[in-house]
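Asker: Here is my input; please provide its structure:
(chains A and B)
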Number of protein chains: 2
Amino acid sequence: MSSIGQIVGLKPLNLYLYRLVTQHTSVAKENKNGLKESYERLEYLGDAVLGTIVAEFLFKKYPFKNEGFLTEIRSRMVNRETLNQIAVKIGLNNLVEYNQGNKHGLAFKSIYGDALEALVGAVYLDHGYARCHRFVVKKLLIPHYDLEKIIQVNPNHKSQLIEWAHQQKKEVRFEVEEVKNNKHFKEFVAQVFVDEEPCGRGTGLSKKKAEQSAAEKSLEKLVQK
Amino acid sequence: MSSIGQIVGLKPLNLYLYRLVTQHTSVAKENKNGLKESYERLEYLGDAVLGTIVAEFLFKKYPFKNEGFLTEIRSRMVNRETLNQIAVKIGLNNLVEYNQGNKHGLAFKSIYGDALEALVGAVYLDHGYARCHRFVVKKLLIPHYDLEKIIQVNPNHKSQLIEWAHQQKKEVRFEVEEVKNNKHFKEFVAQVFVDEEPCGRGTGLSKKKAEQSAAEKSLEKLVQK
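Answerer: This next block holds a predicted model:
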């Protein structure tokens, strides 16, 4: 537990919380109430706390940016992959226990990032919001994020796809169909065709979002080939 | 502003924040930095803060429930419709200004709930986390939620649909197709047929989720008829 204390920069008070942080569900024991003593409940809480702290961090850092910008940058900052990388950088991966024999695909991809969220939840419960806020900003956000770089990433999948097609001398066409889901919402379905062959398909609450989603899925397929 | 003070139970210090809470984007003025002075940035922040406070509230209230239960109940508590209703109950709707001539559909459906989230964001910035936490729990969660009732709502759309079909003496069939989206994820697409006619269609990361989504969409269509 002293290593967790070093990672957080605060002396752990309730050791049970930090013990939970290290327990993936694959090794967790069931308690007498039938609940697995793993990090999952703390992850649920920490996900929310981390989201709030990052939301405020960006809110204050960018006083003249609108909520669309803030939401987008936040989601890039707290995505599974990034959190996983940070968890490895701070050494949390060395503390998390899981059943390695049971290592199959997706569920284990985000294990360290999930544990990092759980750690934020544990620090919140153990030390309160203000100290947890300081831990997140000083130990996670400032040292591990290059905001300029995060902002510059081009999330416009449609223009990326068009550019790719241009380079490959292929033709790209989007077909969008409107679907009424219920009284209030319209959903749009976009289909990408590359040289008239169907490729990615995406849905969204606007034509633009459906196209972006279809373009993103197309790029995933095309780049794999 | 005294009415906002009464709603919150705390004296507003930074009046500008509460002024923002009352400004929908349809009436907001642009400031010299090109940003509309509306409640939208505060809504982005308040959404996160409210999510955290509700997350912790449930975490502590249900110490033996798993994160799936907690996540589900939280999402029922902070959905647009519920927040809208609470905003009306506390009288926030009387304070929010928007362009009534421009009242078209979706964007205005959640105006009061959005403003309520913005109010939470404003209280957080004005009074800090601890007081905001007290405001949310005492003025919003305890008086306006019947948790027993929220928990009892049956979210199992598939069994609801099957029950409906049984009553209507109709046959329901689910068809599920697996789609590989990329290297890591499989997506499932479910199609509901009612008396062999295609009805709702849904997607999800598991067969079960796709079926639930397809059943939910089917129910929306069928109940409208």
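Asker: Tell me which residue is most central in chain A.
Answerer: Nearest to the geometric centre of chain A sits residue A:79, at 1.7 Å (CA atoms, centre = their mean).
Asker: how about whichever helix in chain A runs longest, does it get close to chain B?
Answerer: Ranked by residue count and defined by DSSP state H, the top helix of chain A is helix A:111-135. Yes - Helix A:111-135 is in contact with chain B by CB under 8 Å from any CB of the partner chain, via A:124, A:129-130, A:133. The C-beta positions use only the backbone N, C-alpha and C, and glycine is treated the same way.
Asker: dump the residue contacts of residue A:28.
Answerer: Residue A:28 makes contacts with A:36-38, as judged by CB atoms under 8 Å, 6 or more residues apart in numbering or on different chains.
Asker: Most neighbours among those residues, which one?
Answerer: When neighbours are taken as other CB atoms under 10 Å in any protein chain shown, the top entry among these is residue A:38 (26 neighbours).
Asker: in chain A, what spans have low per-residue confidence?
Answerer: Within chain A, the stretches with pLDDT under 70 are A:1-2, A:101-109, A:154, A:180-185, A:224-225.
Asker: ranges for the helices of it?
Answerer: Counting by DSSP H, residue ranges of the helices within chain A are A:2-8, A:15-21, A:40-61, A:67-77, A:80-89, A:111-135, A:142-144, A:147-152, A:157-168, A:207-224.
Asker: May I see the ones you listed organised as TSV, with mean neighbour count added?
Answerer: Converted to TSV, the helices of chain A look like this (neighbours: other CB atoms under 10 Å in any protein chain shown):
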stretch	mean neighbour count
helix A:2-8	15
helix A:15-21	18
helix A:40-61	23
helix A:67-77	17
helix A:80-89	17
helix A:111-135	23
helix A:142-144	12
helix A:147-152	11
helix A:157-168	16
helix A:207-224	19
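Asker: would you turn those into a markdown table with distance to residue B:216?
Answerer: Shown next, in a markdown table, are those (distance: least, CB to CB, whole Å):
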| stretch | distance to residue B:216 |
| --- | --- |
| helix A:2-8 | 41 |
| helix A:15-21 | 34 |
| helix A:40-61 | 23 |
| helix A:67-77 | 25 |
| helix A:80-89 | 26 |
| helix A:111-135 | 27 |
| helix A:142-144 | 39 |
| helix A:147-152 | 35 |
| helix A:157-168 | 28 |
| helix A:207-224 | 20 |
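Asker: just to revisit the earlier point, mind picking the two most distant members of the residues of helix A:111-135 next to chain B?
Answerer: The span of the residues of helix A:111-135 next to chain B, defined through CB to CB, is set by A:124 and A:130 at 10.1 Å.
Asker: returning to that earlier point: quick one, phi psi at the residue nearest to the centre of chain A?
Answerer: Torsion angles at residue A:79 (phi, psi; degrees, to the nearest 10) stand at phi -70, psi 160.
Asker: Kindly report the same for residue A:90.
Answerer: The phi and psi values for residue A:90, taken as degrees, to the nearest 10, are phi -90, psi 0.
Asker: Count the neighbours of it for me.
Answerer: Neighbour number of residue A:90 under other CB under 10 Å is 19.
Asker: And residue A:198, by the same measure?
Answerer: For residue A:198, the neighbour count with other CB under 10 Å is 11.
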